[in-house]
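Asker: how would this look folded up:
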Amino acid sequence: MSKRGITRVGVAAIAAVVIVALIASAATYFLLLPSAPPPTTVVTTAPPTTIVTTAPTTILTTAPPTTIVTTAPPTTIVTTALTTIVTTPSAEFKLAEIMPGSIQDADFNTLGVLALGIVKDKLGIPTAYSERVAVPDSERVMREYIAMGYNIVWAHGAQFNTAALKLAKEFPAICFIMESDAPLTEEIPNIWNMDRNFQTGFYALGALAALKTKTDKVGYIGGQDLAFATGELNAIKQAVDKYKPGLKVSYVFIGDFNDPLKTRQAAEAMIAEGVDVILGSLNLGTYGLFEAVRAAPREVWVTCKYTDKSGMLPERMMTSYVYDFSAPVIYAVEQIMKGNKAGYTVIEFGKGKGCYIQFPIKNVSEEIATEIQNICDGIEAGTIKVIKELKTKPTF
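Answerer: Predicted coordinates for the structure are as follows:
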């Protein structure tokens, strides 16, 4: 065989060896590869999250509450306009309050928001409120609170009762706390009716006016001509008949509890006619009464309602008929939490209770102050019975 033939055979043999070696290496490589793990399923879960408004730092404006619900079923987010939102565990009971005026009035509405805070602190339930709610708008605001999950609604003001009674029938699972001056004529299974008992303190104020006046002319200025105002006038009449029969009492309703200008004009007219003691049953209108008395050409004395305002007119103020709504509201909410969804409660008169005459009586003689103290003690003890006539106004 020639050298060329030997060379070709050698090359072919070498190529065959290389190919076999490569195939063997590849086989070894694939045999040594780790097997791929089976597919793994990973499931994550998250507990439902609820965000609601709560009380201590919650400030609601008159803008109606807005509800936003995400499409994911487990999660609900509730917000309100200009409201501080904090995370809190979901609660079985949530209380919302609507008020007719500003919470900064140092009067009826301030008492409402203070009571709400006390309820929150004592019972530990989420709360929210809306202020400056107009009567025509009250039904809508309460409906929106219901939609947000609030199952107790407090209507702070008898002007909201028509809307509250209507909604109570439409939403039997929601409990309503309303304010009135007598038991309801119709029994509704989810209404707590809070009797404000206004007339009781006005017996003491009527006696104070009768004992203090030197002109034998006394005035009463109210906001709206409502049933409780008729009750206040009848209580004044009862006291006047006992302490100074024949005393002339003038009264007027200016149409608004919060109008200082109209109140001042009404007070000035009374003062011009010789009235020297004026009993106010107002909210912000009280400040108009103070202005008229301060500018009067002679001494005129006043009393006011709801909160202590003696510091605003110390030289002419005799006393205030003070209210605390927290105790009756706490009682109603506690009963609701126990399953008692309806009832009737009266705000009690007396020292340390829901309503009382503020002592000491100022700008009066010691004899008058002592007599008013005795009257209040007698009312609280039950020895003095104040009439409750809410329909027919008295004749003075």
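
Asker: how about the strands of the stretch 101-250 of the chain, start to end?
Answerer: 127-130, 152-155, 175-180, 191-195, 217-222, 248-253 (DSSP state E, counting those that start in this stretch).

Asker: now the third one and strand 191-195, what's the angle there?
Answerer: Inter-element angle recorded for strand 175-180 and strand 191-195: 30 degrees (by axes from the mean of the first three to the mean of the last three C-alpha atoms, to 10 degrees).

Asker: partners of strand 175-180, with directions?
Answerer: Using DSSP bridges, strand 175-180 pairs in its sheet with strand 152-155 (parallel), strand 191-195 (parallel).

Asker: and if you look at the fifth one?
Answerer: When sheet partners are counted by DSSP bridges, strand 217-222 sits next to strand 248-253 (parallel), strand 277-281 (parallel).

Asker: redo the ones you listed as JSON lines? Include mean pLDDT, mean neighbour count and distance to Met194.
Answerer: Just so you know, the C-beta spots here come from the backbone N, C-alpha and C atoms, and that holds for glycine as well. Output for these, formatted as JSON lines (pLDDT from 0 to 100; neighbours: other C-beta atoms under 10 Å; distance: least, C-beta to C-beta, whole Å):
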{"stretch": "strand 248-253", "mean pLDDT": "98", "mean neighbour count": "18", "distance to Met194": "23"}
{"stretch": "strand 277-281", "mean pLDDT": "98", "mean neighbour count": "27", "distance to Met194": "18"}
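
Asker: which SS state does Arg264 fall under?
Answerer: helix (DSSP: H, G, I helix; E, B strand; the rest coil).

Asker: what's around the closest residue to it other than its chain neighbours, how many residues?
Answerer: Among residues not flanking Arg264 along the chain, Gly288 sits closest, at 3.7 Å (C-beta to C-beta, 6 or more residues apart in numbering). By other C-beta atoms under 10 Å, 24 other residues sit near Gly288.

Asker: next: the one 4 residues further on.
Answerer: Taking other C-beta under 10 Å as the criterion, the count of residues near Ala292 is 22.

Asker: got it, and Asp256?
Answerer: Asp256: 16 neighbours (other C-beta under 10 Å).

Asker: correct me if wrong: it contacts Ala266.
Answerer: No: distance between Asp256 and Ala266: 11.1 Å, which falls outside the contact criterion (C-beta atoms under 8 Å).

Asker: from Gly201, how far out is Gly352?
Answerer: 15 Å (C-beta to C-beta, to the nearest Å).

Asker: who has more neighbours, the two?
Answerer: Set Gly352 next to Gly201 and count neighbours by other C-beta under 10 Å: Gly201 wins out with 25 against 8.

Asker: grab the nearest non-local neighbour of that one.
Answerer: Per C-beta to C-beta, 6+ apart, closest to Gly201 is Tyr321, 4.3 Å.

Asker: and if you look at Ile387?
Answerer: Per C-beta to C-beta, 6+ apart, closest to Ile387 is Gln238, 5.4 Å.
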